[in-house]
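Participant: Provided below are the primary sequence and the corresponding predicted coordinates.
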Amino acid sequence: MDLIRREFATAPLSVENGWDEKYFSFNGQYGQCDTCMGEGKIKVKYTEGTLVECPDCKGKRYKKKILSVLYRDKRIDEILDMSVNEAIQFWNELGEVIDGVRSLQKVGLGYLKLGQGTPTLSGGEAARLKLAKELISKKSGNVLYLLDEPTTGLHFSDIENLLKLLDELIVSGNTVISIEHNKQFMEYCDWKIELGPGAGYDGGYVINQGGV
C-alpha cells in the first residue's frame, strides 16, 4: 500500500493540492472519512455490535476530495476493492507493487481484496498470508515455520503452488512443520508423524511416523 499511495500522490490533482502519500491512507486523519474514521462503517446507536455503511463516504473510507483523485481512471477505494488477481493485471507495469501481491497469488490468496481486513480471514488464510509476508522479506536459513492446515479451502492447483513455495523455503535452509490432513500435501512431506488414536484428549500420542 505504501507503493500504491506513492503513485496516487504523483497524480496531477494531488500535486496541485499538495496531497502526499499520507492523504491516501484511511488510517490517518488527512485522508480518512471524518464520520467513520476510515472504517467505512459506523455503529448503530443503542445496539450492540451492529454496523451499517457510513452515510458520508458510502463505505469508501476516504474524504470526498481524496476520492476525486484518479490514477489510470481508478479511485483509491476502487484499488482497495480489487482482488489480488485483478491488481496483478492492473499494476503489471510496476514491478515493486506486483512483487508484493504476486506472493499472495502464489499461496492461493488471489481472490482476496487488497483492502480486506485481517479479522475476516480464516485460520488457513491467515497462515498463508504470514507465509506470503515471509516470502516477500526473503529471509533465508535457520528459520522454523509452523503451519496450521495451510491448505484449508484451496483448490488442488493452489496446493501445488503452495508446495512449490514451501520448497523455496526449504532449499534456502529453513524447516517447515505443518499440521495437515490433506493427502496431496502429506504425500509431499519427507517425514510424517501421526497422532491419535482419537481427537482431543485422545489425540496426543504418536502412533506412527516415518519417511517417504
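Facilitator: The structure has been received and is ready for your questions. Numbering: from 1, shown residues only.

Participant: got the contact list for the residue nearest the centre of the chain?
Facilitator: The centroid of the chain falls nearest to residue 129 when counting by CA atoms, centre = their mean (4.9 Å). Applying CB atoms under 8 Å, 6 or more residues apart in numbering to residue 129 gives the contacts 104, 107, 109, 118, 121. C-beta coordinates here come from the backbone N, C-alpha and C atoms, glycine included.

Participant: Kindly supply the ChimeraX command isolating those of those residues that are buried.
Facilitator: Those of these that count as buried under 16 or more other CB atoms under 10 Å are selected in ChimeraX with:
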select :104,107,109
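
Participant: If I follow the layout properly, residue 180 ends up in contact with residue 151?
Facilitator: Yes. In this structure residue 180 lies within contact range of residue 151 using CB atoms under 8 Å: 6.5 Å.

Participant: These two - which one has more neighbours?
Facilitator: Comparing residue 180 with residue 151 by other CB atoms under 10 Å, the one with more neighbours is residue 151, at 23 against 17.

Participant: What strand or helix carries the more buried one?
Facilitator: When elements are assigned from DSSP states H and E, residue 151 belongs to no helix and no strand.

Participant: Repeat that for residue 153.
Facilitator: With DSSP H and E as the criterion, the answer for residue 153 is that it lies in no helix or strand.

Participant: Near the nearest residue to it once chain neighbours are set aside, how many residues? Count them for me, please.
Facilitator: Nearest non-adjacent residue to residue 153, counting by CB to CB, 6 or more residues apart in numbering: residue 124, 5.9 Å away. Neighbour count of residue 124, defined by other CB under 10 Å: 18.

Participant: try the one 10 residues further on
Facilitator: As a burial measure, the neighbour count of residue 134 was computed by other CB under 10 Å and equals 16.

Participant: just residue 106 next, same as before
Facilitator: Residue 106 has 20 neighbours, counted by other CB under 10 Å.

Participant: ok, it - contacts?
Facilitator: Residue 106 makes contact with 132, 135, 161-162, 164-165 under the criterion CB under 8 Å, 6+ apart.

Participant: out of these, who's nearest residue 85?
Facilitator: residue 161 (12.9 Å; CB to CB).

Participant: Give me the phi and psi for that closest one.
Facilitator: Here is the backbone geometry of residue 161 (degrees, to the nearest 10): phi -60, psi -40.

Participant: For it, which non-adjacent residue is spatially closest?
Facilitator: residue 106 is the one closest to residue 161 (CB to CB, 6+ apart), at 5.2 Å.
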